[in-house]
Structure formats: structure tokens, C-alpha cells
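[1] let's see this in three dimensions:
(one chain, ligands or ions: 1)
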Amino acid sequence: MALKVHICAVGRLRSGPERDLLDDYLTRFDRTGRALGLGPVTVHEVEDRKNGGMSAEAPLLQGVIPKGAVICALDERGKLMSSPEFADMLGGWRDEGRGDVAFVIGGADGIDPSLRAQVDAKLSFGKMVWPHMLARVMLSEQLYRAASILAGAPYHRV
Ligand SMILES: C[S@@+](CC[C@H](N)C(=O)[O-])C[C@H]1O[C@@H](n2cnc3c(N)ncnc32)[C@H](O)[C@@H]1O
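    Sure thing, here's the model as predicted:
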């Protein structure tokens, strides 16, 4: 069974260079991941039009996380990982037969504690705080990199 990947994120990424990069990496991930039992990837964008902050965003995020999915929050206080370690984590969930993984990206205030309490893993892209739209693009690149590592392709070099 393939591990379907969901990016569950606050805010809509409009057309522009970041959107183009995101789409490009996700297309590459899908293409590379198919033979490895990874993907497809789906982006779920949620928006609270009343700007109610993270407590209002939490139920919207909950609503797009598939039932039974492994939930991995992106959080600057989370676990620092190398790209091969991230690839191993993804491959491990696939090998355990998990059907879905949901990567959750918060909005300007972050992820509400009620949702944070439910996650299985927390992944950090460093101690600095990145804009949530950039975090989305960075995740898409790391997903493609992880698939390339698992495929033995030469994209990842150290
Ligand atoms: C502007 S940040 C919010 C930062 C806020 N201080 C918090 O408590 O999470 C928006 C989202 O981008 C993601 N993000 C930002 N920096 C990150 C980092 N260094 N590592 C992982 N995710 C990050 C997280 O999902 C975060 O909820």
C-alpha cells in the first residue's frame, strides 16, 4: 500500500514564484515516489476568513487531516533531522503500512495546542521561524529529496 502524503496548511498560496516552486517539487515527488510506494501528495489549504487565529484554524486543519493518518507538525521546536533521516522516517511509515501522513503547517500564530497535543511527530527546519508559505515550499523540496534518496537517485549530495 502506498503512503499518501497530505500537506495541511493555513493560508492560500497565490500564483507566483513560490507557487511555481511548490508545484514543481510536488510534481517531481509524485513522479519519483510512484515506484517507491510514496504519494500522491495533496495540498489542503484552509483559511479562517474571520482571522480568528490558531484556535479557529485548528478545527479547519482537523477537517482536512485524513482519519488514521500519521500527523507530523512542522514546528521550529520540533526534531531537527538530516534529509536522509527524514527519508528514513517517511520510508518507515510506508513500510509499517500507514496509509496517510499529514504534514501540518500553522499560520502566523503557529499550531493550536489542542492540535499540537495530537501529533505523532514534530519536524523542525531549524530554530529560526520561517514564513508559513516558505515552510510549505521547503517541505515540498524535502519530500522530493527524500524520494530521490530512497530511489538512490543522485539529486541529494553532501
Ligand atoms: C510564522 S510560523 C509561526 C511561528 C509561531 N511562533 C509558532 O509558535 O509556531 C507559521 C508556521 O510555519 C511553520 N514553521 C515556521 N518556521 C518553522 C521551522 N523552523 N521549522 C518547522 N516549521 C516551521 C510552522 O508550521 C508554523 O506553525
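[2] quick check: residues of the chain near the ligand?
    Residues of the chain lying near the ligand by C-beta under 6 Å from any ligand atom: 74-76, 105-106, 108, 110-111, 124-126, 128-132, 135. Bear in mind the C-beta positions are built from the backbone N, C-alpha and C, glycine included.
[3] residue nearest the centroid of the chain?
    Closest residue to the average C-alpha location of the chain: residue 103 at 3.4 Å, with C-alpha atoms, centre = their mean.
[4] what's the following helix or strand after the strand or helix carrying that residue?
    Using DSSP states H and E, residue 103 sits within strand 100-105. Per DSSP H and E, strand 100-105 leads on to helix 113-116 as the next helix or strand towards the C-terminus.
[5] quick one: contacts of whichever helix or strand comes after that next one?
    Going down the chain from helix 113-116, the next helix or strand is strand 121-124, by DSSP H and E. Outside strand 121-124, the residues that touch it by C-beta atoms under 8 Å, 6 or more residues apart in numbering are 70-81, 86, 89, 103, 116.
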